[in-house]
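Novice: How does the following fold in three dimensions:
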Amino acid sequence: MKKIALTIAGLVSFAGISFAQPAFMSPEYAKEFCDLWNKTDELTEGLAKWSKNVREGKEYRSIQFYRTDCGGQEKAIEVHIVNKDGKAVCIYGGKAVDPNPDFLMYTTTEKWKELADGEFGFMGMGIMTKMTFKGSKIEAMQNMGPFKAFLLNLGKVPHTDACP
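Specialist: Prediction:
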């Protein structure tokens with residue numbers, strides 16, 4: 001039995017197949033998060049109107065986020081959202097490249113995990129006390145349902161807790 005397991009492991013390694021999970025909030029994680037976004041109706045449909053409100057000179061909305069205990073904003077990742085066929089569609093997930101994101105959020109790994117587990121506090125008002133949030137708070141509050149879905153999706157992407 002041990003020989004079979006070693007043979008399979010060797011074949012997988014030889015074929016270049018990797019089953020390693022990305023680090024939480026790494027560029028690879030962001031790509032998978034973007035894919036999950038597009039499968040989440042609360043985001044694609046719930047943020048359809050929001051995704052149309054693109055600032056002048058930009059072609060997308062951007063949300064940037066990072067873990068403070070793994071570095072500063074230089075370690076941030078982001079997603080780019082466009083309105084396509086009346087839905088908010090994620091077209092990019094990866095290393096932060098937008099110098100002026102619509103939203104910037106950061107906190108510790110522990111706090112991100114709490115938020116991803118749905119620990120939002122009374123009526124969701126505790127969300128803003130668990131993280132630093134930069135961007136229109138009014139816009140975020142108007143989209144609280146999808147915003148909660150965004151946070152819950154953070155925990156749905158398989159990942160390791162290693163710093164990126």
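Novice: could you show me where the strands are in this structure, in order?
Specialist: Secondary structure of the chain (DSSP state E): strands at 61-67, 77-84, 87-95, 103-107, 132-134.
Novice: what's next to the third one, contact-wise?
Specialist: Taking contacts as CB atoms under 8 Å, 6 or more residues apart in numbering, the residues outside strand 87-95 that touch it are 27, 30-35, 37-38, 43-48, 50-51, 60-61, 76-83. C-beta coordinates here come from the backbone N, C-alpha and C atoms, glycine included.
Novice: What is the neighbour count of residue 52?
Specialist: If you count neighbours by other CB atoms under 10 Å, residue 52 ends up with 12.
Novice: cool, residue 113 as well?
Specialist: Close neighbours of residue 113, defined as other CB under 10 Å, add up to 16.
Novice: ok, it - contacts?
Specialist: Taking CB under 8 Å, 6+ apart as the test, what residue 113 contacts is residue 155.
Novice: pLDDT score assigned to it?
Specialist: pLDDT, residue 113: 95.
Novice: Check the gap between it and residue 99 for me.
Specialist: 28 Å (CB to CB, to the nearest Å).
Novice: And for residue 53?
Specialist: Going from residue 53 to residue 99 by CB to CB gives 19 Å.
Novice: Tell me which of these two has more neighbours.
Specialist: Set residue 53 next to residue 99 and count neighbours by other CB under 10 Å: residue 53 wins out with 12 against 7.
Novice: so what's the most centrally placed residue in the chain scoring on pLDDT?
Specialist: Against the mean C-alpha coordinate of the chain, by CA atoms, centre = their mean, the closest residue is residue 33 at 5.0 Å. Per-residue confidence for residue 33 comes out at a pLDDT of 98.
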